[in-house]
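A.B. asks: Sequence below, structure please.
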Amino acid sequence: MGTVARIMTKDVKTVDPTTTVRIAAKSMKDARLGSLFVKKGAGIVGIVTDTDLVRRALASDQDLNVLTVEEIMTSPLCSIEETRTIGDAHDMMGDLGVRHLGVTKAGEVVGVISVRDLLSYYQRISEPKIAQD
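C.D. replies: Have a look, this model is predicted:
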């Protein structure tokens, strides 16, 4: 089994904590992403995901042009070292009940891994179970 670094997304997108939810959602849509890291100064302080948008923003009936990412983000960021196995990432996501993990190298965030990344990986390595005619 490979390491997390093998399947992570390296080109991570960030937003400022004061970014409105509407702008963050549009950024996610335009970039076809399920998450954005929230960056304050030089550090990552959290993550905002498509699930955060639905459960914490849309369901709140607050004005999405005023509500900020900081108010709905998941913090602190759950993370895994890039040298850990893909199986470790799978187990960690299951144990923590999250769909995205920040990937770190020596404590610095260098990427992100999502449930979709795991699914794609397992599809590639598994043999078809159903015979096709």
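
A.B. asks: Need phi/psi at the residue nearest the centre of the chain.
C.D. replies: With distances taken as CA atoms, centre = their mean, His100 lies nearest the centre of the chain, 3.4 Å away. Main-chain torsions, His100, degrees, to the nearest 10: phi -140, psi 140.

A.B. asks: Who is Glu108 paired with across the strands?
C.D. replies: Going by DSSP bridges, Glu108 is paired in beta bridges with Lys105.

A.B. asks: hmm, back to that, the residue nearest to the centre of the chain pairs with what?
C.D. replies: Here His100, judged by DSSP bridges, has bridge partners Ser114.

A.B. asks: So what touches the lowest-mean-pLDDT helix or strand in the chain?
C.D. replies: None of the helices or strands of the chain scores lower by mean pLDDT, DSSP states H and E than helix 115-125, at a mean of 91. Here helix 115-125 makes contact (CB atoms under 8 Å, 6 or more residues apart in numbering) with 2, 7-9, 34, 86, 89-90, 93, 99-100. In short, each C-beta sits where N, CA and C put it, glycine included.

A.B. asks: Sweet, I'm off.
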